[in-house]
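Student: Quick one: sequence plus predicted model below, questions after.
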Amino acid sequence: MLSASPVGAQTDEPSEHDHDAIEAIHVVGTAIQQTPIDSPYAVAVVDRETFEQRGSPLLVDLFKNMGISHGVVGERSSWYNSSQPAAIPESVSNVNLRGLGASRTLALINGRRQTYLPARLIGGRFVDIGALPSIALGRLEVLKEGASAVYGSDAVGGIANFVTRGDFEGFEISVSHESFDDANDKNFSAIWGGALGDSHAVVSVEHERQGELNSKDRDFALNPLLDPWRAGWSSVGNPGHFWFPNNPLDTATTPSDAFISGIGLRSGMDDPQCGGLSGYAPQGYACVFNYAPWDNMIEETRSTRAFAELNGPWGDHGNYHLEALWSESATPNWMTQPSHPPFPLLSKGVMEIGADHPNRVAFCDDTEFSAGFPCDSEDNWYWRGRPFGNGDPGRTARREMKTWRLAGGLEGEFEAFGGKELHYDLGLSYSRSKGNVNIPAILTERLFLAFRGYGGPDCGVGVVADNTLAPGMRVADTAKAPGADGCQYYNPFSNASRFSSLPGAPYYDSPNPEFDPTQTNSESLRHWMNSVSNLENETEMLVADATLSGTWIEDRIGYAVGYQFRRFGAEGSPNPHADLSLNPCAALGDTDCSSGNFGAFTFINAHNPYDEDQTVHRIFGELAIDLGERVDMQVAANYEKYDEASSLDPKLALRWSLSDAMILRGSVQTTFRTPSVDDLLEDVPLTATQYISQVGAWIPVDIYGDEDLDPEQAFTYNLGLVVFPTPDIELSIDYWSYEFDDVIGSLPHDVLDDLYAEPSTRDGVRQFIHCTAGRSDQLTDLCGPNSITRVEVPLVNWPGVETSGLDWQLRGEFELGPGSLVAGLSGTYTFDYDIKSLTLDGALIQPAVEAAGKLNFGNPLAVPIPDWKTQLSLAYHWGDYSLVSYLGHISSYKDDGAHDGFGGVPVSSFTVDSFTTWDLSFQWRMPDLGVDMTLSALNLTDEDPPFANVEHGYDGFTHNPKGRRLKLTLRYRIGGE
């Protein structure tokens, strides 16, 4: 919980004894001008001093440690940076209060909205909180309850408001270096503030570099093969598995339907060096592959940010505020595997090995090496593998994102209605964000040509689209002979690989004895086969609002009324090879493929361009009522009209001072959230690769929007008690509850796969499953569950989610020796997170799920939700020194990995163990020199994150993989705040 702040922060609702000190602070949660002591709702605040004395942690780490926050995105590779199908840039971080989804937490900058992330997300986009320079942050306010009645939609879980240092004076420069095993992070920032005529200007800049952390740098990141196959394992490897059809097949002459049915009748053998290079004995039907060594745990990122604001008088009774934000981030060397499994091509004959293939001839000439293979046959062989793998280099890409924002406001007073003073607040903001997510991808037609000896940049032989054949193409007429005149063959045999890339495999440290340097695939062939799938996304948001507030009855009733206009737009533009409107089929330029329309790549998804917008009109009102000396009440209502829906949401909150030492507070409200622009796109699916346990690999999942989706609705209430046993001790306890209906989410693809695998339930889900020959409900001969090539799922309104829990905070400050000791104990316990059962056309798709205390892998509506998150803090301040200690604890939680033992690997259900870390910071302030030095040891005892059966072996939404970090921060200041 944020409220565990022992170092001078306003940590929760402040005590009466601090009333004078906080008179000027206007805390998030109301449109009425008042102090937080009068607020009947729970707000947590971290101030600048606390932030610095903790060692200026990254926001992603700060939110991971919050009891009220679950499923935090940040730092990880985009493959694993989201619990839903998506591709979220590595430089992004978010706020996800109560684990209800980051799009259901409203993130504000100085109380005003910011545009959403330029990336398509299921259930709505969120604000990238990493765009603001950290040195510009004055305090962070978190409203720990729903607030749609005050702030409009998105505020289902709560609000995070980032307030800048608008009154800073002087000049400050800060340099920090954080070092940990195998990587380091650096930050340089500066801020200046001073008079500019009658106004006050503040300018801040920041440059940050985050070091790359490779999976090989952490022992826990590379894990043995377990079931379910999640921790970096695939059933499609390199070396691969060879198929020998029972009857001769030829992709140049066999009709498509006959080929697809014929390839299902076959025998097969693993590559002889499968075990030596993959680290595991052959499976008999597939050669497994671990791709984790190529996927970085944390990518190198470089970010530059700037923020400026100008505040000054407007006339005799008003003030103006102007601000500008600019942010640019880059991931210069995003890393991924040498290649991906070529779904859905495995059964379409693209990877055909003819009897005259020179690498097959060489393989069969070594009779000992090829023992058991049908080398005497003249029939074609077919390959189940990925083009590049063990011993091959990973592929890289550069990703960039830019964000900018202009905002301004006018506020002041005037007299009306018989001399009553009214306060007005006018605001206008425009923000924009642009970024790309690109992934290297192999073109199907080039893989097809390379297997037939027409590969390479100097060959010049192309293909002709022919959808009567299984590959959807044939080799164009040419006078060139395969493998000659600049044309190259692709070699699928293990004699092309010298070493394994998996630590611990037999041929990791010693070479493959069958390696033949004359049989390797050339670098030019590898580069030629690769293209890139790139989607440039852009978002923009325009917000205009006006609020009028004042006193209706002196010292009794205050009010606020207002109007807000919002317009949000989003668009996406793919590059030509990845544009499904140009290249929907396997052969470039072909638009006549009869089924699939999955694009020109072997595995990586292609995209449809999109351009959508959404307009909102909002009217709101609020009353702050003094019901007596000890009782305050807030009544609010919000009416919001979207293009496709509208809602009226009320809120009632009460604060009752039972005595000078005890306060009771509570609130009840409804909240509303309309389907996002992405949720409504019916013809432009969001396609991402997801793990399919029946296949033992990641394959494409297409998620389609629905214009008939209903808005999400929630009923929430809070009940809290604040006690001040002494002037120096504060205790707060808050019970919270959310009843969330019509939650927007996709049908769970893993459940659909399981239902398809069961013959008794298969017919009810065939329309969602794709086989090699097409969509299952359009086929007579169905494929088996381990031959699924793609899954297609719609967005639906789930019946609902119910969650409740308890927040607590104990804080005390005591004089001790020459200084003061500040102690705190805070945390959150989640009682339940119940997901109601889901049915489709009367059939049960998923029974009710209790998600609290679970990893929730693959659950469309839940992120990892540990039951307990607690934090103990101690700080001692004396003279110019501070010693600050934080002990964070996250309880254990379960991973229910129930499965059928795919591949003969025993079924495993795991417990993700508890995780306890100790952070220690020492700060030395040297006021005569204007210098502060902070030395921090984060995770001082060097604890590894507990094992979770997912990629990299840990839960990146909850835990940190860096281990012990030592951080030095130096600040030099002239003048001061």
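Tutor: Arrived safely, thanks for sending.
Student: Helices of the stretch 501-650 of the chain, start to end?
Tutor: Using DSSP state H, counting those that start in this stretch, the helices of the stretch 501-650 of the chain run over 506-509, 523-529.
Student: whoops, the stretch 751-900 of the chain was the one
Tutor: Counting by DSSP H, counting those that start in this stretch, one finds no helices in the stretch 751-900 of the chain.
Student: weakest of the helices of the stretch 501-650 of the chain by average pLDDT?
Tutor: Least confident of the helices of the stretch 501-650 of the chain, judged by mean pLDDT, is helix 506-509 with a mean of 93.
Student: Give the residue spans of the stretch 751-900 of the chain that score low on pLDDT.
Tutor: 897-900 (pLDDT under 70).
Student: Give me the domain ranges for this structure.
Tutor: 16-214+299-334+400-437+535-950+962-974, 215-298+335-398+438-534 (automatic domain parsing).
Student: any low-confidence regions in this protein?
Tutor: The model of the chain has pLDDT under 70 over residues 1-41, 81-87, 227-229, 344-345, 594-596, 696-697, 897-909, 976-977.
Student: in what helix or strand does the most far-flung residue of the chain relative to its centre lie?
Tutor: Residue farthest from the centre of the chain, counting by Cα atoms, centre = their mean, is Gly418 at 54.0 Å. Here Gly418 sits in a region with no helix or strand, counting by DSSP states H and E.
Student: Quick one: the domains of the chain as CSV, columns for distance to Gly956 too.
Tutor: For glycine as for every other residue, the C-beta is placed from the backbone atoms N, C-alpha and C. Listed next are the domains of the chain as CSV, based on distance: least, Cβ to Cβ, whole Å:
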stretch, distance to Gly956
domain 16-214+299-334+400-437+535-950+962-974, 5
domain 215-298+335-398+438-534, 8
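Student: The single longest strand found in the chain: which residues count as buried?
Tutor: Using DSSP state E, we find that the single longest strand of the chain is strand 790-816. For strand 790-816, the buried set under the neighbour-count rule, 16 or more other Cβ atoms under 10 Å, comprises 790-798, 800-801, 803-805, 807-813.
Student: what about His423, which SS state?
Tutor: Three-state call for His423 (DSSP: H, G, I helix; E, B strand; the rest coil): strand.
Student: Now for it: which residues touch it?
Tutor: Residues in contact with His423 (Cβ atoms under 8 Å, 6 or more residues apart in numbering) are Gln33, Glu411, Gly412, Glu413, Leu548, Ser549, Gly550.
Student: Tell me how many other residues surround the third one.
Tutor: So that's Gly412. If you count neighbours by other Cβ atoms under 10 Å, Gly412 ends up with 17.
Student: what does the fifth one give?
Tutor: Using other Cβ under 10 Å, Leu548 has 18 neighbouring residues.
Student: Quick check: bridge partners of it?
Tutor: The partner list for Leu548 in beta bridges (DSSP bridges) reads Tyr424, Val561.
Student: Does it touch Lys420 like I think?
Tutor: No: using Cβ atoms under 8 Å, Leu548 is not in contact with Lys420; the gap is 11.6 Å.
Student: before we move on, back to that, can you redo the helices of the stretch 501-650 of the chain as TSV, where the extra columns are mean neighbour count and distance to Ser148?
Tutor: Formatted as TSV, those follow (neighbours: other Cβ atoms under 10 Å; distance: least, Cβ to Cβ, whole Å):
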stretch	mean neighbour count	distance to Ser148
helix 506-509	17	55
helix 523-529	18	51
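Student: In a markdown table, list those along with distance to Arg230.
Tutor: Output for the helices of the stretch 501-650 of the chain, formatted as a markdown table (distance: least, Cβ to Cβ, whole Å):
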| stretch | distance to Arg230 |
| --- | --- |
| helix 506-509 | 22 |
| helix 523-529 | 28 |
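Student: Of all those helices, which one comes closest to Tyr489?
Tutor: Closest approach to Tyr489 among these (Cβ to Cβ): helix 523-529, 8.7 Å.
Student: And the closest one, what does it pack against?
Tutor: Helices and strands touching helix 523-529, by 3 or more Cβ pairs under 8 Å, 6 or more residues apart in numbering; DSSP states H and E, are helix 444-451.
Student: Tell me which residues of the helix or strand following the helix it packs on come out buried.
Tutor: Using DSSP H and E, the helix or strand that follows helix 444-451 towards the C-terminus is strand 463-465. Of the residues in strand 463-465, those buried by neighbour count under the rule 16+ other Cβ under 10 Å are Val463, Ala465.
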